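Peer 1: sequence first, then the predicted structure:
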Amino acid sequence: MTPVTGIGRQAPSMTPALEDVIAAIPEWRGQPIEVTPISGGITNRAACVRVAGKPYFVSIPGAHSDLLSIPRADEVENSRRAAETGVSPRILHHLPATGVLVVEWLEGRTLGVPDMQDPEMPERLATIARRLHSARPFVNDFDLFRLTESYSGALAKHSLAAPAGFPGYARLLTEIEAAVRRHPEPHRPCSNDFCPQNLIDDNGRLWVVDFGYSGNNDPCSELGNAACEADYQTHHYEALCKAYFGEASDRRLARMQLYAVMADVAWSLWSVIQENLSDLDFDFKTYGAERWQRGCRRLDSDDLRRWIQSA
């Protein structure tokens with residue numbers, strides 16, 4: 001299996017035009033085409049393309065997404081394996097040269113952070129996570145710590161400034177990694193990106209989309225990242241842990257919290273790359289600053305030492 005350790009594997013520096021994408025799919029040639037751009041993406045550009053009235057979701061990697069450590073070929077195969085479990089839509093077309101994906105269209109509603117605060121959501125998240133984690137093993141492994149190193153290297157290579165104070169946390173991040181390595185859970189096929197924008201509610205059925213960062217990983221990392229993205233508080237962590245594992249042990253809760261901290265760290269570095277190199281219309285500077293501030297609060301908190309000891 002291929003670990004996510006390097007930068008720029010199988011992802012384009014330039015993003016193709018949607019017109020070129022449409023022209024590259026033989027089955028669509030000569031058919032009436034209607035295009036509706038979809039806003040809100042922060043890694044890829046997206047559109048609903050109706051071909052003879054039938055809708056498809058088209059995902060086009062943003063410019064310089066080769067710096068985001070997204071293994072595009074692995075993303076395709078992992079997406080297919082996830083779809084076998086029924087948690088995600090099927091890939092219908094793939095353009096390997098550009099990383100473009102065309103997948104089944106979902107009529108559901110994209111979730112937001114307020115949706116994640118619903119009392120029933122921890123159980124729903126745990127249910128869909130367990131189903132995804134039952135998939136055939138993914139073709140690569142994912143590790144937040146190696147991803148953080150990859151992004152740090154990308155910043156240095158392109159002379160981009162890391163978030164204020166980042167180098168000073170190096171020793172602490174090493175301690176966190178050592179703590180979560182002590183009692184790892186068996187790795188499972190994970191999305192590693194359970195943010196609300198990647199969850200679709202279709203009349204009560206929850207779908208997971210976007211497997212760019214997917215890979216076999218510790219379920220506590222998956223759950224911790226989901227809790228971080230949902231801006232969960234302590235009682236939410238407990239509910240999510242219990243719903244997934246059947247109990248909310250101190251060790252697993254601590255591991256989820258530590259992985260949540262690392263999610264803020266990694267995605268803060270990601271935001272600096274995107275702020276400087278992405279062609280997407282999104283305020284990466286504010287997004288990254290807010291994540292880094294939250295991450296620093298938790299890194300500097302009295303709870304962190306307790307989590308490290310409990311993990």
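Peer 2: Everything's here; your move. Fair warning: this is a prediction, and the values are worked out from it, not measured in the lab.
Peer 1: which parts of the helix or strand harbouring residue 224 count as buried, going by neighbours?
Peer 2: If you go by DSSP states H and E, residue 224 is part of helix 219-229. Residues 219-229 are the ones in helix 219-229 that count as buried (16 or more other Cβ atoms under 10 Å). To be clear about C-beta, it is placed using only N, CA and C from the backbone, and glycine gets the same treatment.
Peer 1: the residues you listed into CSV, with extra columns for pLDDT and distance to residue 104?
Peer 2: Converted to CSV, those look like this (pLDDT from 0 to 100; distance: Cβ to Cβ, whole Å):
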residue, pLDDT, distance to residue 104
219, 98, 26
220, 98, 31
221, 98, 28
222, 98, 23
223, 98, 27
224, 98, 29
225, 97, 25
226, 97, 23
227, 98, 28
228, 97, 28
229, 96, 24
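Peer 1: name the residues that touch the host helix or strand of residue 20?
Peer 2: Per DSSP H and E: residue 20 is located in helix 18-23. Applying Cβ atoms under 8 Å, 6 or more residues apart in numbering, the external contacts of helix 18-23 come out as 28-29, 33, 35, 45, 47, 49, 58, 60, 95, 98, 100.
Peer 1: now the residues you listed in JSON lines, with secondary structure and neighbour count?
Peer 2: Shown next, in JSON lines, are the contacts of helix 18-23 (DSSP: H, G, I helix; E, B strand; the rest coil; neighbours: other Cβ atoms under 10 Å):
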{"residue": "28", "secondary structure": "helix", "neighbour count": "18"}
{"residue": "29", "secondary structure": "coil", "neighbour count": "11"}
{"residue": "33", "secondary structure": "strand", "neighbour count": "14"}
{"residue": "35", "secondary structure": "strand", "neighbour count": "12"}
{"residue": "45", "secondary structure": "strand", "neighbour count": "22"}
{"residue": "47", "secondary structure": "strand", "neighbour count": "18"}
{"residue": "49", "secondary structure": "strand", "neighbour count": "21"}
{"residue": "58", "secondary structure": "strand", "neighbour count": "25"}
{"residue": "60", "secondary structure": "strand", "neighbour count": "23"}
{"residue": "95", "secondary structure": "strand", "neighbour count": "16"}
{"residue": "98", "secondary structure": "coil", "neighbour count": "18"}
{"residue": "100", "secondary structure": "strand", "neighbour count": "24"}
